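Chemist: model the following, please.
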Amino acid sequence: MRTRAYIGLGANLDDPRRQVLAALEELARLPDTELTSRSSLWRSAPVGHADQPEYVNAVACVDTALAADALLERLQAIEHAHGRKRSFANAPRTLDLDLLLYGGQTRDTLRLALPHPRMHERAFVLRLLAEIAPQAQVPGRGPVGELLAGVAGQHCEREA
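Modeler: Model prediction:
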């Protein structure tokens, strides 16, 4: 049985556009997983630690037979292969892969929170998710389309 999952991608170091495009190709090669769609590339302002370059972001949709924890392990392996360092919260990064939604699952463990706990507060997630899955629901929060109003003032624009 396959589960539909959405993954947020972001990078702002070491040619961010190339990092995100390469990661999308790597997602398409995950075992027992099919990349079914992806958003355009978008640029967004950093959140938290503001003294860093803009981010390049995307959202990918996959249908996967991997369990949520196994998918998360694969995402972290891709980040590691791209040189991801976790120096401090909201630090600049070569690649960030967030498991946003996994079916309709909800959970909150030390290792994995579903849905991603701040996705409803981020234009660089909601606008991109709305581009490929306007019908998506964020468990406990509501439809993506309705959540967009809450992030209207955040800088996030489609790449040319």
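Chemist: what are the ranges of the helices in the protein?
Modeler: With DSSP state H, the ranges of helices along the chain come out as 16-28, 68-81, 123-132, 144-147.
Chemist: minimum distance to residue 46: which of the ones you listed has it?
Modeler: Closest to residue 46 of the helices of the chain is helix 123-132 (C-beta to C-beta; 10.0 Å). Just so you know, the C-beta spots here come from the backbone N, C-alpha and C atoms, and that holds for glycine as well.
Chemist: residue 1 is nearest to which of the helices of the chain?
Modeler: Among those, helix 68-81 sits nearest to residue 1 (C-beta to C-beta), with 13.1 Å.
Chemist: burial-wise, tell me which of the helices of the chain comes out on top.
Modeler: Ranked by mean neighbour count, those are led by helix 123-132 with a mean of 23 (mean count of other C-beta atoms under 10 Å).
Chemist: can I get the CA coordinates of that helix in CSV?
Modeler: Extracted as CSV, the C-alpha positions of helix 123-132 are listed here (Å, rounded to 0.1, in the frame of the first residue of the first chain):
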residue,chain,number,x,y,z
ALA,A,123,4.3,31.0,2.9
PHE,A,124,7.2,29.1,1.3
VAL,A,125,5.4,25.8,2.2
LEU,A,126,1.7,26.8,1.8
ARG,A,127,2.0,28.6,-1.5
LEU,A,128,4.0,25.8,-3.1
LEU,A,129,1.8,23.1,-1.7
ALA,A,130,-1.2,25.0,-3.0
GLU,A,131,0.4,25.0,-6.5
ILE,A,132,0.5,21.2,-6.7
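Chemist: which residue comes closest to residue 124 once chain neighbours are left out?
Modeler: In space, and not counting its chain neighbours, residue 124 is closest to residue 44: 3.8 Å by C-beta to C-beta, 6 or more residues apart in numbering.
Chemist: I'd say that neighbour and residue 52 touch.
Modeler: No - using C-beta atoms under 8 Å, residue 44 is not in contact with residue 52, being 11.7 Å away.
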